[in-house]
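K.L.:
Sharing a model that was predicted from the sequence below.
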Amino acid sequence: MNPDIIKHVRGESIFIDDMPVPEGTLYASVFFSAVAHAKIKSISIDDTSSSEGVKAVLTFKDIPGKNQIGNIIQDEHLLAEDEVEYIGEPIAIVVADNQLNADKAKSKIKISYEELPVITNPREAAKRGLLIIPPVIFSMGNTHEGFDNCKYIVEDKVEIGGQEHLYLETQAALAMPIENKSLKIYSSTQSPTAVQKTISRVLGLSMNNVEVDVLRLGGGFGGKEDQATAWATISAFAAYKLQKPVKLILNRHEDLRFTGKRHPYSADFKIGINAELKIISYEVKFYQNAGAFADLSTAILERTLFHATNSYFIPNVKAIGYSCKTNLPPNTAFRGFGGPQGMFVIESAIHKVAEIIGVDAQVIQENNLIKESDFFYFGQEVKNTNASVCWHEAKSKYKLDDKTTAVKKFNSESLIVKKGIALMPICFGISFTSSFLNQASALLHIYTDGSVSISSAAVEMGQGVNEKLRKIVANTLSIGLEKIKVETTNTTRVANTSPTAASSAADLNGNAVLLACQYLKERLIAEAKLLLDVDDDANVDLQNESVLLNEKTTTLGWNELINNCYLSRISLSSQAYYATPDIYFDRQINKGNPFAYHVYGTAIISATIDCLRGTYKIDSVEVVHDFGKSIDKTIDLGQAEGAIIQGLGWVTMEELAQSETGVLLSNSLSTYKIPDIQFTPEVFDITFLESSENNYGPLKSKAIGEPPLMYGIGVYFAILNAVKSFNKNLSAKYNLPFTPEKVLMSLYQK
């Protein structure tokens with residue numbers, strides 16, 4: 001059993017707000033912009049500074065270094081200077097002796113604005129030329145010539161909503177000054193090095209004077225990959241200026257209102273199919289709602305373009321992405337990182353052309369699945385594909401033909417209750433698409449009592465990466481899990497870390513840990529041969545905490561071997577470095593080999609709708625998924641189930657609503673709905689694809705964090721198919737999420 005799960009259930013897990021704080025700790029409260037776009041005419045902090053318990057009120061003028069927290073593009077201030085660009089942009093920091101006094105004092109700040117035009121729609125931003133970067137184009141073949149050879153050509157528009165992360169632990173940080181003008185920061189971040197770099201820049205310190213430590217996160221889902229940095233930097237800034245520990249915890253309402261979400265997209269597609277139902281040409285334009293600043297939007301848009309054709313081979317493709325600057329909080333990473341938006345558009349295009357032709361979408365889907373030695377439109381050759389294997393195994397195992405027949409029979413006999421069924425294949429690339437991020441280091445210590453300590457860049461946030469690292473060590477050194485401890489993620493033990501993101505934490509850090517184990521094992525076996533007085537070429541190995549000679553157990557045990565290594569002055573520590581081989585991408589031509597491998601799978605999803613009320617329930621989600629050779633099936637199954645439910649929520653009920661003036665209307669858990677236990681499909685079954693191994697994953701495993709979320713897209717089309725069985729004249733409009741209100745309107749749309 002994963003020990004983290006036991007601690008969570010018992011309430012023993014420690015998060016930042018649980019940490020005992022040093023005596024004299026101060027508390028920060030951030031004064032946010034109340035308008036979406038304006039010039040700051042004046043600001044007065046006099047009444048605030050004299051308020052009870054207040055130790056300081058800090059603005060951009062107090063920053064000793066550079067007032068800049070942008071990561072990919074340096075376009076975002078830590079504290080606004082003369083202009084604000086979204087509701088919730090930090091303007092000032094109030095630091096007081098307790099949280100209540102800090103919050104009270106904040107309300108006394110007086111500010112005057114000259115309001116400016118507000119833009120919240122990405123298409124409007126694009127029309128005005130408000131782009132984060134110039135348009136990005138991925139292409140292959142000639143789409144214009146391809147359309148000339150198509151029997152059916154269909155064009156339409158797609159609207160895709162965002163999604164709130166709603167991690168259990170809100171954004172949090174605790175910063176403490178230490179000697180030599182240095183700082184130690186406890187941050188709820190997926191990116192310890194990004195926090196370290198940004199604090200160094202803002203405070204004008206070298207990176208070795210900033211230590212970032214992460215024990216665990218109470219959830220992240222991408223929302224703490226880049227956006228945790230601002231809050232850690234604010235707490236560090238205050239701690240550095242006052243030379244006192246400073247704690248900053250956003251309350252739930254602040255976290256909902258002022259942090260970025262999954263990017264909403266608007267898209268246009270044009271798809272062409274020949275008489276044999278082969279997709280010949282596909283053009284798509286993505287209008288990404290980036291929000292006010294870049295954050296990770298450019299990388300997310302790029303991954304959308306990488307996944308614009310999902311699991312299908314299309315010889316002629318042109319995909320254009322526009323990252324549009326609007327007056328909303330900067331949108332950010334979310335599980336799938338732009339991939340789900342790209343996949344939803346191609347699935348909508350296939351559904352639309354199938355509707356017009358008069359065939360089932362699954363016929364077109366199956367007819368165009370990628371095959372071995374096909375090429376992705378960004379230049380990478382398709383290798384070791386399991387797309388068709390997963391598709392056909394799902395159809396066979398879950399008796400698709402029988403299900404389809406049963407749905408048709410039910411719909412022919414039922415007047416006001418209808419059923420729908422849909423298939424959702426996935427093909428998701430694994431690696432950071434910025435190749436330099438695909439690196440990791442690990443540090444292992446074996447102590448003289450035989451226990452083992454692991455340090456890596458992986459951040460535990462509920463996904464079970466710590467347990468996977470322990471199992472890699474246990475498997476490689478053949479020792480019990482109880483001997484192995486995973487340390488906090490700390491920038492002084494493992495430097496220059498990549499984020500725990502892109503489903504790559506277990507791959508990158510697991511491979512680094514594996515290498516460190518192998519280095520140690522070589523030393524241990526060399527010492528064992530000396531102790532056993534055998535030749536260098538003798539067959540000596542470790543198994544179940546014993547030393548084997550010619551596959552037979554000797555009297556030399558693990559603890560005795562470790563102690564002898566220490567007495568013989570043999571290092572019991574090992575540092576290892578891993579970089580994913582064979583990956584590259586040329587952004588001048590948008591071609592290359594960006595992914596180490598792909599994850600495949602197919603889901604069959606069925607749903608039932610009440611045609612009087614527009615309500616629906618998900619009857620079944622049945623999946624064949626390519627896990628590779630799983631390190632821990634329980635963890636992987638839990639990750640797949642959680643991702644699918646999160647995907648189902650995004651597609652059906654999680655509706656973000658903003659006013660035209662940039663106010664988040666769905667700003668509480670009474671107005672923003674997420675799936676609960678009642679929403680769980682009645683039948684929920686996930687099959688591990690047999691005989692799948694992956695040479696790029698530790699112990700032949702495959703990444704699991706993000707890919708299953710995309711199966712949730714299938715429920716949209718299952719519900720839509722049920723609607724169309726009731727309203728046969730409906731011309732489908734693709735607008736996500738498919739809330740009960742939208743379903744009801746579709747049922748009676750003429």
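P.N.:
Okay, I see it.
K.L.:
Give me the phi and psi angles of the closest residue to Lys104 other than its chain neighbours.
P.N.:
Computed as CB to CB, 6 or more residues apart in numbering, the closest residue to Lys104 that is not its neighbour in sequence is Ser51, at 6.6 Å. Placement of C-beta: from N, CA and C, glycine included. Main-chain torsions, Ser51, degrees, to the nearest 10: phi -70, psi 160.
K.L.:
so where do the strands sit in the stretch 351-500 of the chain?
P.N.:
Taking DSSP state E, counting those that start in this stretch, the strands of the stretch 351-500 of the chain run over residues 417-430, 439-446, 452-456, 484-486, 489-490.
K.L.:
Adjacent strands (with direction) for the longest one?
P.N.:
Going back to what we said before, that points to strand 417-430. Strand 417-430 sits in its sheet next to strand 597-610 (antiparallel), going by DSSP bridges.
K.L.:
returning to that earlier point: would you reformat the strands of the stretch 351-500 of the chain as JSON lines and include distance to Asp295 and mean neighbour count?
P.N.:
Output for those, formatted as JSON lines (distance: least, CB to CB, whole Å; neighbours: other CB atoms under 10 Å):
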{"stretch": "strand 417-430", "distance to Asp295": "21", "mean neighbour count": "24"}
{"stretch": "strand 439-446", "distance to Asp295": "23", "mean neighbour count": "23"}
{"stretch": "strand 452-456", "distance to Asp295": "26", "mean neighbour count": "22"}
{"stretch": "strand 484-486", "distance to Asp295": "29", "mean neighbour count": "20"}
{"stretch": "strand 489-490", "distance to Asp295": "22", "mean neighbour count": "24"}
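K.L.:
out of those, which comes closest to Ile686?
P.N.:
Of all the strands of the stretch 351-500 of the chain, it is strand 417-430 that lies closest to Ile686, at 12.9 Å by CB to CB.
K.L.:
With only the CA atoms kept, save that closest one in CSV.
P.N.:
Only the C-alpha atoms of strand 417-430 are listed here, as CSV (Å, rounded to 0.1, in the frame of the first residue of the first chain):
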residue,chain,number,x,y,z
VAL,A,417,-35.4,8.6,-22.9
LYS,A,418,-32.6,8.1,-25.4
LYS,A,419,-29.2,6.5,-25.4
GLY,A,420,-26.0,7.3,-27.3
ILE,A,421,-22.7,5.6,-27.8
ALA,A,422,-19.3,6.8,-29.0
LEU,A,423,-15.7,5.7,-29.3
MET,A,424,-12.7,7.8,-28.4
PRO,A,425,-9.2,6.7,-29.5
ILE,A,426,-6.2,8.6,-28.1
CYS,A,427,-2.6,9.1,-29.2
PHE,A,428,-0.7,11.3,-26.9
GLY,A,429,3.0,12.2,-27.2
ILE,A,430,5.3,11.9,-24.1
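K.L.:
hang on, the earlier thing: show me what contacts the residue nearest to Lys104?
P.N.:
Going by CB atoms under 8 Å, 6 or more residues apart in numbering, Ser51 touches Ala96, Asn101, Lys104, Ala105, Lys108.
K.L.:
Filter those residues down to just the ones in helices.
P.N.:
Within these, residues falling in helices by DSSP state H are Asn101, Lys104, Ala105.
K.L.:
Run a quick neighbour tally on the closest residue to the first one other than its chain neighbours.
P.N.:
Residue nearest to Asn101 in three dimensions, not counting chain neighbours: Gly53, with 3.3 Å by CB to CB, 6+ apart. The burial count assigned to Gly53 is 17, neighbours taken as other CB atoms under 10 Å.
K.L.:
lowest average confidence, helix or strand, in this protein?
P.N.:
Sorting the helices and strands of the chain by mean pLDDT, DSSP states H and E puts helix 3-10 at the bottom, at a mean of 90.
K.L.:
Can you give me the buried ones in that one?
P.N.:
Pro3, Asp4, Ile5 (16 or more other CB atoms under 10 Å).
K.L.:
nearest to Gln588, of these?
P.N.:
Distance to Gln588 across the buried residues of helix 3-10 (CB to CB) is lowest for Asp4, with 43.9 Å.
K.L.:
Next one: the closest one from Thr492, what distance?
P.N.:
Asp4 sits 23 Å away from Thr492, going by CB to CB, to the nearest Å.
K.L.:
Need the mean per-residue confidence for the one helix or strand Glu254 maps to.
P.N.:
Assigning secondary structure by DSSP states H and E places Glu254 in helix 252-258. Averaging pLDDT along helix 252-258 gives 97.
K.L.:
Check which helices and strands it sits against.
P.N.:
Identification of packing neighbours for helix 252-258 by 3 or more CB pairs under 8 Å, 6 or more residues apart in numbering; DSSP states H and E yields strand 26-32.
K.L.:
for the helix or strand just after the strand it packs on, which positions count as buried?
P.N.:
Downstream of strand 26-32, the next assigned helix or strand under DSSP H and E is strand 38-44. For strand 38-44, the neighbour count (16+ other CB under 10 Å) marks Ala38, Ile40, Ile43 as buried.
K.L.:
Let me see the contact set for the residue nearest to the first one when sequence neighbours are not counted.
P.N.:
Here the nearest residue to Ala38 in space, its sequence neighbours aside, is Tyr113; by CB to CB, 6+ apart that works out to 3.8 Å. Remark: with contacts taken as CB under 8 Å, 6+ apart, Tyr113 is in contact with Val35, Ala38, Lys39, Ile40, Lys41, Val84.
K.L.:
center of this protein - which residue?
P.N.:
The centroid of the chain falls nearest to Arg335 when counting by CA atoms, centre = their mean (3.0 Å).
K.L.:
my guess is that residue meets Glu706, correct?
P.N.:
Yes: in this structure Arg335 lies within contact range of Glu706 using CB atoms under 8 Å: 5.3 Å.
K.L.:
Now do the shared contacts for the two.
P.N.:
Common neighbours of Arg335 and Glu706 (CB under 8 Å, 6+ apart) are Ala643.
K.L.:
relative to strand 439-446, how tilted is the helix ranked longest in the chain?
P.N.:
Longest helix of the chain, by residue count under DSSP H: helix 505-532. For helix 505-532 against strand 439-446, the angle by axes from the mean of the first three to the mean of the last three CA atoms, to 10 degrees is 40 degrees.
K.L.:
C-terminal to helix 505-532, what's the next element?
P.N.:
strand 540-543.
K.L.:
Okay, buried residues for that following strand please.
P.N.:
Buried, per 16+ other CB under 10 Å, within strand 540-543: Val540, Leu542.
K.L.:
Now it: average pLDDT?
P.N.:
Averaging pLDDT along strand 540-543 yields 98.
K.L.:
what's in contact with that strand?
P.N.:
With CB under 8 Å, 6+ apart as the test, strand 540-543 has contacts from 477-479, 521, 524-525, 528-529, 532, 534, 547-549, 551, 553, 558.
K.L.:
go on, stretch 589-597?
P.N.:
136-139, 305-306, 378-381, 383-384, 429-431, 433, 435, 438, 507, 580-586, 694, 696-697, 702.
K.L.:
Kindly recompute the last result at 6 Å.
P.N.:
Stretch 589-597 has contacts (CB atoms under 6 Å, 6 or more residues apart in numbering) with 138, 378-380, 429-431, 433, 580, 583-586, 694, 696.
K.L.:
In PyMOL, how would I select the buried members of those?
P.N.:
Restricted to buried positions by 16+ other CB under 10 Å, the PyMOL selection for the contacts of stretch 589-597 reads:
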select buried, resi 138+378+379+380+429+430+431+433+580+583+585+694+696
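K.L.:
returning to that earlier point: what helix or strand is the residue nearest to the centre of the chain on?
P.N.:
Using DSSP H and E, Arg335 falls within no helix or strand.
K.L.:
Could you pull out the helices in the stretch 301-450 of the chain for me?
P.N.:
Ranges of helices in the stretch 301-450 of the chain, per DSSP state H, counting those that start in this stretch, are 339-357, 361-367, 387-397, 400-413.
K.L.:
How about the helix or strand hosting the residue nearest to Ala38, which residues are buried there?
P.N.:
Assigned by DSSP H and E, Tyr113 falls within strand 110-115. By 16+ other CB under 10 Å, the buried positions in strand 110-115 come out as Ile111, Tyr113.
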